[in-house]
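Colleague: I need the structure of the sequence given here:
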Amino acid sequence: MLVEIWSDVVCPWCAIGKARFEQALGQFEHADEVDLRWRSFELDPNRAATTDTDYVSMLASKYRTSRDQAQAMIDRMTAAGADEGIAFRFDIARPGNTFDAHRVLHLAADHGRQHEVKERFLDGYHSEGAAIADHDTLVELATQGGLAAGDVREVLAGDAYSDAVRADEQQAYDYGISGVPFFVFERRVGVSGAQPSEHLLAAMRQVTATHDSAPDQGRPADADHGHHHAPGEACADGVCAV
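Modeller: Model (predicted):
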């Protein structure tokens with residue numbers, strides 16, 4: 001089963017969604033048949049490579065709210081992460097443009113290390129204060145994920161995989177994806193947001209039960225198990241619903 005997950009490496013709900021998907025996969029009867037691919041999605045394509053704005057100020061500005069209210073949002077997000085075993089450290093987060101990180105993730109896919117590098121990028125940004133737009137930082141994290149430093153530097157020195165990143169983003173646009181994480185199973189069933197693991201597991205089982213159906217050419221159908229699921233928490237337009 002092909003599972004594609006559109007996400008950004010600076011998206012807290014994407015980190016939570018990844019943890020919940022891994023829980024679902026651990027209970028899925030056909031887990032050894034899952035082909036997982038991480039797809040590129042930039043929450044803020046126009047973001048500068050680096051910024052001196054702290055996370056609280058960034059959130060307060062975006063939502064036009066007070067710093068105290070923004071901090072309360074962050075506290076709720078931190079608690080949600082802790083429930084999944086993720087130690088969010090928004091106090092040391094260093095936001096930046098993620099285009100190059102996505103290019104490296106395509107390199108990682110070609111070397112069979114995409115999952116490991118994705119994990120290092122998410123953990124590095126969300127828990128360790130890693131400057132996700134800095135090339136030396138990307139090299140360090142990617143090598144920890146199993147890539148050769150020389151390969152990563154070569155990609156970052158040019159424009160390799162730029163077309164692949166844009167192709168992922170065009171596919172997201174074609175599917176109507178406006179927030180991440182967004183899960184697509186066999187290009188037929190879509191699940192929006194960081195849904196509970198049981199919903200993701202049900203979606204995989206639904207696809208397995210209907211594996212003879214032809215893939216849709218348009219937006220994947222929403223997973224439907226006899227009752228309505230509200231969209232899960234997601235990040236869109238540079239910020240996350242908290």
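Colleague: Work out for me the element the residue lying closest to L200 once chain neighbours are set aside sits within.
Modeller: Excluding the flanking residues, the one nearest L200 by Cβ to Cβ, 6 or more residues apart in numbering is A24, at 3.9 Å. Glycine gets a C-beta too; all of them are placed from N, C-alpha and C. Take DSSP states H and E as the rule and A24 turns out to sit in helix 12-27.
Colleague: what lines up beside whatever helix or strand comes next after that helix in the sheet?
Modeller: Under the assignment DSSP H and E, the closest C-terminal helix or strand after helix 12-27 is strand 35-40. Sheet pairing of strand 35-40 (DSSP bridges) gives strand 2-7 (parallel).
Colleague: Quick one: mean pLDDT for the partner strand?
Modeller: For strand 2-7, mean pLDDT rounds to 98.
Colleague: Check stretch 53-61 too.
Modeller: 85.
Colleague: With stretch 96-107 instead?
Modeller: Mean per-residue pLDDT for stretch 96-107: 97.
Colleague: so how far is it from its chain's centroid?
Modeller: Offset of stretch 96-107 from its chain centre (Cα atoms, centre = their mean, to the nearest Å): 12 Å.
Colleague: helix or strand right after the particular helix or strand that has V117 in it?
Modeller: In the assignment (DSSP H and E), V117 maps to helix 114-128. Scanning forward in sequence from helix 114-128 by DSSP H and E, the next helix or strand is helix 135-144.
Colleague: Using CSV, write out every CA atom in that following helix.
Modeller: What follows is the C-alpha trace of helix 135-144 in CSV, where atoms were taken according to Å, rounded to 0.1, in the frame of the first residue of the first chain:
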residue,chain,number,x,y,z
HIS,A,135,23.0,24.4,5.3
ASP,A,136,25.5,23.3,7.8
THR,A,137,22.6,22.3,10.1
LEU,A,138,20.9,20.4,7.4
VAL,A,139,24.1,18.5,6.6
GLU,A,140,24.6,17.6,10.3
LEU,A,141,21.0,16.4,10.7
ALA,A,142,20.9,14.6,7.4
THR,A,143,24.1,12.7,8.1
GLN,A,144,22.7,11.7,11.5
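Colleague: what does the helix or strand just after that helix contact?
Modeller: Under the assignment DSSP H and E, the closest C-terminal helix or strand after helix 135-144 is helix 149-157. Helix 149-157 is touched from outside by 100, 103-104, 107, 111, 135, 138-139, 142-143, 160-161, with contacts defined as Cβ atoms under 8 Å, 6 or more residues apart in numbering.
Colleague: Show me what counts as buried in helix 149-157.
Modeller: Of all the residues in helix 149-157, those buried under the rule 16 or more other Cβ atoms under 10 Å are 151-152, 155-156.
Colleague: Now do it: distance to the chain's middle.
Modeller: 22 Å.
Colleague: Where in this protein is the helix or strand with the lowest mean pLDDT?
Modeller: Within the chain, no helix or strand scores below strand 239-240, which has a mean of 68 by mean pLDDT, DSSP states H and E.
Colleague: picking that back up, list buried residues within the contacts of helix 149-157.
Modeller: Judged by 16+ other Cβ under 10 Å, buried ones among those: 100, 103-104, 107, 135, 138-139, 142-143, 161.
Colleague: from those residues, which two are the most distant?
Modeller: Of all pairs drawn from these, the greatest distance, 17.2 Å, lies between T143 and Y161 (Cβ to Cβ).
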